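>>> My questions are about this predicted structure, shown below with the sequence.
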Amino acid sequence: MKGVASTAGAVREGQVDAAEPSRRAVARLHELHEGPLGEGGGEGLNAFLAALSNDDASTLDVPENDGCIRGVPVAVKDNMTTLDFPTTCGSKILEGYRPPYEATVVRRLKEEGAVIVGKTNLDEFAMGSSTENSAYGPVLNPVDHSRVTGGSSGGSAAAVAAGIVPAALGSDTGGSVRQPASFCGVVGLKPTYGRVSRYGLVAFASSLDQVGVFGGTVADAADLLQVIAGHDPRDSTSVDRPVPDFSGERDADAEGLVVGVPTEYFGDALGPGVRVRCREALDALEANGARIREVSLPNTTYALSAYYVIATAEASSNLARFDGVRYGLSDREGGDLGEMYERTRTVGFGQEVKRRILLGTFALTAGYHDQYYGRAQRARGLVAADFEAVFASGVDVIFTPTSPTVAFPLGERVQDPLQMYLADVFTVTANLAGLPAISVPVGVSDGLPVGGQLLAPRWGEATLFRAAYALESVLGSEVSDD
Ligand code: GLN
């Protein structure tokens with residue numbers, strides 16, 4: 001499949017009609033979906049909840065402009081608001097909901113000429129690590145249909161891995177872009193907190209949420225991030241600072257790069273195949289001039305617990321707005337206002353979302369607030385300080401596995417939330433500390449993709465891309481951009 005830059009180049013030079021790449025994407029999307037959108041459980045991938053039809057695509061008119069990605073088909077996770085499609089967040093409570101406004105990231109993509117071909121399936125309200133928590137059925141991993149895609153942005157990861165689109169948007173609160181990228185064998189990046197506008201991203205845990213990008217290659221991810229990054233006055237947490245040119249280091253090699261390897265991420269929890277592929281990746285970087293340095297991030301041990309307290313606390317507050325009055329589903333069959341709230345939320349939310357609302361409400365209860373939320377916030381500070389110390393010691397980037405295992409079988413962890421939460425043990429730290437991080441394919445174990453994660457200091461996306469381009473090139477890129 002062509003990448004972002006070559007698709008845009010072919011359109012710009014008139015080699016293909018601007019609508020043609022999107023027509024092909026839409027045709028492939030429906031071919032792989034096998035059946036009506038929004039109904040899972042079949043043989044198809046179930047990566048999309050809404051999309052352009054082949055008829056829509058046949059009459060598609062891509063407005064004439066000098067946008068830098070004009071004619072490039074892009075998929076968007078269904079927790080970002082769009083005017084052209086419903087936004088469900090993978091939940092029954094928002095079934096068919098049509099937002100009256102568009103997310104800033106979506107607007108920017110369209111302004112630069114991209115075609116949004118559809119909205120991708122996800123764990124309900126982005127809560128999960130396998131996309132099995134979607135109210136519309138799980139997404140199948142394109143590499144092996146008996147395996148999960150990871151989550152929560154499983155539909156976007158699958159859309160890129162299956163060659164439907166060269167790049168897609170996801171959201172990453174605790175790993176939801178990087179972990180599915182690693183399970184599906186594509187590139188996935190979470191930017192520095194504040195780099196990309198959250199306006200129109202339906203909030204899960206506001207202090208952790210960032211919109212991220214998927215690409216078949218590092219360059220594809222960079223090209224999409226370039227378009228969506230930058231200050232937005234509509235998001236008070238978006239930061240007004242210049243966006244560097246992420247394409248500048250495309251020929252970067254590993255020479256002189258100082259790569260920190262935290263011992264805490266290579267402990268017993270790591271699957272053997274993942275360990276081998278990650279060690280090989282480090283050896284390849286070293287053979288090409290990088291300096292590998294063992295480092296320690298001792299407070300990593302508190303990260304997962306802190307994350308699940310903070311994320312659930314913020315979620316319990318954010319999800320209070322889905323009450324049957326303002327959005328989507330409303331069960332008004334008799335009774336008083338309280339009963340309407342109760343019935344709407346009982347029917348509308350799935351099990352995992354309810355679990356998180358209960359946990360989060362408990363963590364914020366008067367009397368327990370400091371014991372849970374307060375302590376989690378202090379642990380968060382310690383995790384961030386660990387990273388600062390390592391970067392201050394002259395380390396350019398940190399390398400870790402993205403997830404302890406490869407994609408697990410569908411159904412394996414649905415009854416065991418703790419096992420499911422463990423899939424995020426290496427990714428939540430970047431969200432707690434606000435750092436940019438990327439997952440890059442580092443090979444295959446038993447036929448399933450393995451991802452390696454690189455992390456950089458806050459606002460260090462340019463360094464992160466330099467290291468990611470180097471890693472991709474020393475390993476030999478599987479997906480070419482030609
Ligand atoms: N899997 C993690 C969770 O369930 C992360 C989700 C995300 O990043 N949106 O909370």
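Here it is on my side, so go on.

>>> which helices and strands does the helix or strand hosting residue 156 pack with?
Assigned by DSSP states H and E, residue 156 belongs to helix 154-161. Packed against helix 154-161, as judged by 3 or more Cβ pairs under 8 Å, 6 or more residues apart in numbering; DSSP states H and E, are the following elements: strand 48-51, strand 73-77, strand 115-120, strand 140-141, strand 167-172, helix 178-184, strand 210-215. To be clear about C-beta, it is placed using only N, CA and C from the backbone, and glycine gets the same treatment.

>>> okay, the ones you listed, which one's buried deepest?
Of these, the one with the most neighbours on average (mean count of other Cβ atoms under 10 Å) is helix 178-184, at a mean of 35.

>>> Could you list every helix and strand in contact with that helix?
helix 154-161, strand 187-190, strand 437-445, strand 448-455.

>>> for these, which one ends up most surrounded?
helix 154-161 (a mean of 35).

>>> re earlier: would you turn the helices and strands packed on helix 154-161 into CSV with mean pLDDT and distance to the ligand?
Below are those laid out as CSV (pLDDT from 0 to 100; distance: least, Cβ to the nearest ligand atom, whole Å):
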stretch, mean pLDDT, distance to the ligand
strand 48-51, 97, 16
strand 73-77, 98, 10
strand 115-120, 98, 13
strand 140-141, 98, 16
strand 167-172, 98, 5
helix 178-184, 98, 7
strand 210-215, 98, 9
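
>>> roughly how far apart are residue 54 and the ligand?
32 Å (Cβ to the nearest ligand atom, to the nearest Å).

>>> if I read this right, that residue contacts residue 24, doesn't it?
No - the criterion here is Cβ atoms under 8 Å, and residue 54 misses it with residue 24 at 10.8 Å.

>>> who has more neighbours, those two?
residue 24 (19 against 13; other Cβ atoms under 10 Å).

>>> I'd assumed that one was in a strand, is it?
No - counting by DSSP: H, G, I helix; E, B strand; the rest coil, one finds residue 24 to be helix, located in no strand.

>>> Need the residue closest to the centroid of the chain.
Residue closest to the mean C-alpha point of the chain, counted by Cα atoms, centre = their mean, is residue 177 at 2.0 Å.

>>> Tally up the residues packed near residue 111, please.
For residue 111, the number of neighbouring residues by other Cβ under 10 Å comes to 14.

>>> Got phi/psi on residue 321?
Phi and psi for residue 321, reported as degrees, to the nearest 10, are phi -70, psi -20.

>>> Now it: closest residue in space that isn't a chain neighbour?
Closest residue to residue 321 apart from its sequence neighbours, by Cβ to Cβ, 6 or more residues apart in numbering: residue 327 at 7.1 Å.

>>> Verify the stated contact: that neighbour with residue 319.
No - taking contacts as Cβ under 8 Å, residue 327 lies outside contact range of residue 319: 11.0 Å.

>>> Which of the two has more residues huddled nearby?
Neighbour totals were compared for residue 327 and residue 319, and residue 319 leads with 24 against 16 (other Cβ under 10 Å).

>>> a helix runs through the more buried one, doesn't it?
Yes - checked against three-state DSSP, residue 319 lies within a helix.

>>> The longest helix anywhere in the chain to strand 448-455, inter-axis angle?
If you go by DSSP state H, the chain has its longest helix at helix 375-392. Interaxial angle, helix 375-392 versus strand 448-455 (axes from the mean of the first three to the mean of the last three Cα atoms, to 10 degrees): 80 degrees.

>>> Can you pull the residues of the stretch 201-350 of the chain lying near the ligand?
For the stretch 201-350 of the chain, the residues found near the ligand under the criterion Cβ under 6 Å from any ligand atom are 204, 311.

>>> In the stretch 201-350 of the chain, what residue lies closest to the ligand?
Of all residues in the stretch 201-350 of the chain, residue 311 sits closest to the ligand, at 5.3 Å by Cβ to the nearest ligand atom.

>>> neighbours around that residue, how many?
Neighbours of residue 311 under the rule other Cβ under 10 Å: 27.

>>> And what about it, helix, strand or coil?
helix.

>>> residues contacting it?
173, 174, 204, 205, 208, 356, 360 (Cβ atoms under 8 Å, 6 or more residues apart in numbering).

>>> Recalculate using a threshold of 10 Å.
Applying Cβ atoms under 10 Å, 6 or more residues apart in numbering to residue 311 gives the contacts 126-127, 173-174, 204-205, 207-209, 356, 359-360, 376, 424, 428, 431-432.

>>> of the residues you listed, buried ones?
126-127, 173-174, 204-205, 207-209, 356, 359-360, 376, 424, 428, 431-432 (16 or more other Cβ atoms under 10 Å).

>>> if we can go back for a sec, quick one: the residue nearest to residue 321 from residue 379, how far?
Distance of residue 327 to residue 379, given as Cβ to Cβ, to the nearest Å: 34 Å.

>>> so residue 4 touches residue 70, yeah?
No - with contacts counted by Cβ atoms under 10 Å, residue 4 stays clear of residue 70, the gap being 11.1 Å.

>>> what kind of secondary structure is the nearest residue to residue 112 once chain neighbours are set aside in?
For residue 112, ignoring the flanking residues on the chain, the nearest one in space by Cβ to Cβ, 6+ apart is residue 67 at 3.8 Å. Look at residue 67: counting by three-state DSSP, its state is coil.

>>> check contacts around residue 67.
Contacts of residue 67 (Cβ under 10 Å, 6+ apart): 8, 11, 12, 108, 109, 110, 111, 112, 113, 114, 227.

>>> now the residues you listed in JSON lines, with secondary structure and pLDDT?
As requested, the contacts of residue 67 are exported to JSON lines (DSSP: H, G, I helix; E, B strand; the rest coil; pLDDT from 0 to 100):
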{"residue": "8", "secondary structure": "helix", "pLDDT": "98"}
{"residue": "11", "secondary structure": "helix", "pLDDT": "98"}
{"residue": "12", "secondary structure": "helix", "pLDDT": "97"}
{"residue": "108", "secondary structure": "helix", "pLDDT": "98"}
{"residue": "109", "secondary structure": "helix", "pLDDT": "98"}
{"residue": "110", "secondary structure": "helix", "pLDDT": "98"}
{"residue": "111", "secondary structure": "helix", "pLDDT": "97"}
{"residue": "112", "secondary structure": "coil", "pLDDT": "98"}
{"residue": "113", "secondary structure": "coil", "pLDDT": "98"}
{"residue": "114", "secondary structure": "coil", "pLDDT": "98"}
{"residue": "227", "secondary structure": "helix", "pLDDT": "98"}
